[in-house]
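Novice: Quick one: sequence and predicted model below, then my questions.
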Amino acid sequence: MPPKHDINKVGSESSDFPVLCETCLGPNPYVRMTKQEFGHECKICNRPFTVFKWNPGEGGRFKKTEICTTCAKIKGVCQTCLLDLEFGLPVQVRDAALGRKNQAPTSDINKQYYIQNLEAQMEDSADGVTSFDSAAANAAGREMLKNMARNDPYYKRNRPHICSFFLKGECKRGAECPFRHETPKEGETSKGKNQQQSVQDRYYGRNDPVAGKMLRQVAESKGLKAPEDKSITTLLFLGLPSCTESDVRTALNFTVPAVKPDQIRSVSVVESTHCAFINFTDRAIAERAAEALSAADGIEVSGKRAKVVWGRARKGKAPAAAAAAAA
């Protein structure tokens, strides 16, 4: 058996076949791929890796792997679209529903050490188990993910991008143009962060606009639509068992790991009405917590699942806020 390589010294990865979802692979069972060893730098760990390129089907654009195999296995995502392999959903949605905490470091030096250790664990494991334990996942969250997931692959995602010259009325290639000549939907060609940052956001499950929209839709469907009054930063947990403030904070940290303890201004437990008031330091943090809690179908405190609702503005405070907004 060849000795294991230290990626801090070798600094590259080689693979024989990519980790892809069915959508990116395409409907053709006889896909021809080109393979280029050390063809590009992984957009997550910055190591050179084996790049695969292929055409997923007639009328589709050529696709290629964006991240290395190791990074894809660590997160359980496709190397090209970076969506979850089991549900086909954004990482941010999956992690919010299952209460998964992002433990991966973001600095270059720590990333190399972290990935090296996980890569060694996967090589030693007979079944290739990654750092995620699906058996410990929240049953309600998994059920929600199954309902949100598509039953069939969405091959329209493989279509060519919209021609920017066509939008300006300057494309002269006509039918020979490899891009789509059609008017985009609102926001489809909006400019945001560069591709490098966008890939990292999707991978780490942070600031993903698609995931944010999906979580807001889930929250609204469960009666957790954010109130118009922006001064409201409080969530209520209803139907709690006998518990303490520490129990509520522990359950909240487990269910919504994205919210840090210092982002919670106060927690007030009212034993007589079996409820708790959770006041956050910022409205955006409160909305993020509400979306994650709706995805997890509430919160479990001391073995009992509680309902989550938004708080209400204090009397006399709402009119003042409205007057300030009007001014």
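Specialist: Thanks, I have the structure now. Here the structure is a predicted model, which means the values were calculated and not measured.
Novice: okay, CA-based contacts and neighbour counts for the rest of this
Specialist: Noted.
Novice: Any regions of the stretch 51-200 of the chain where pLDDT drops low?
Specialist: Where the stretch 51-200 of the chain drops to pLDDT under 70, the residues are 101-116, 118-138, 140, 186-197.
Novice: can you give me the helices for it?
Specialist: 69-75, 91-98, 108-124, 139-148, 164-167, 195-204 (DSSP state H, counting those that start in this stretch).
Novice: Grab the longest strand from this structure for me.
Specialist: strand 33-41 (DSSP state E).
Novice: Mind listing what's buried along that one?
Specialist: For strand 33-41, burial by neighbour count (16 or more other CA atoms under 10 Å) applies to Lys35, Phe38, His40, Glu41.
Novice: the strands in the chain, which residues?
Specialist: Counting by DSSP E, the segments of the chain that form strands are 33-41, 48-54, 63-64, 234-238, 264-270, 275-280, 299-301, 304-310.
Novice: Among the ones you listed, which comes closest to Ile74?
Specialist: strand 48-54 (15.4 Å; CA to CA).
Novice: For that closest one, name the packing helices and strands.
Specialist: Packing partners of strand 48-54 (3 or more CA pairs under 8 Å, 6 or more residues apart in numbering; DSSP states H and E): strand 33-41, strand 63-64.
Novice: Rebuild these as TSV, extending it with distance to Asn279.
Specialist: Output for the helices and strands packed on strand 48-54, formatted as TSV (distance: least, CA to CA, whole Å):
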stretch	distance to Asn279
strand 33-41	43
strand 63-64	45
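Novice: about what we covered before: and the strands of the chain: which comes nearest Asn117?
Specialist: Closest approach to Asn117 among these (CA to CA): strand 48-54, 17.7 Å.
Novice: Just give the closest residue to Leu167, not the sequence neighbours.
Specialist: Counting by CA to CA, 6 or more residues apart in numbering, Thr183 is the residue found nearest to Leu167 once chain neighbours are left out, at 7.1 Å.
Novice: Hmm, that neighbour is touching Phe165, no?
Specialist: No - between Thr183 and Phe165 no contact is recorded; they are 11.6 Å apart, counting by CA atoms under 8 Å.
Novice: What's the local residue count around the residue nearest to Leu167?
Specialist: By other CA atoms under 10 Å, the residues close to Thr183 number 11.
Novice: Also Pro18?
Specialist: Neighbour tally, Pro18, other CA under 10 Å: 21.
Novice: No further queries at this time; thank you.
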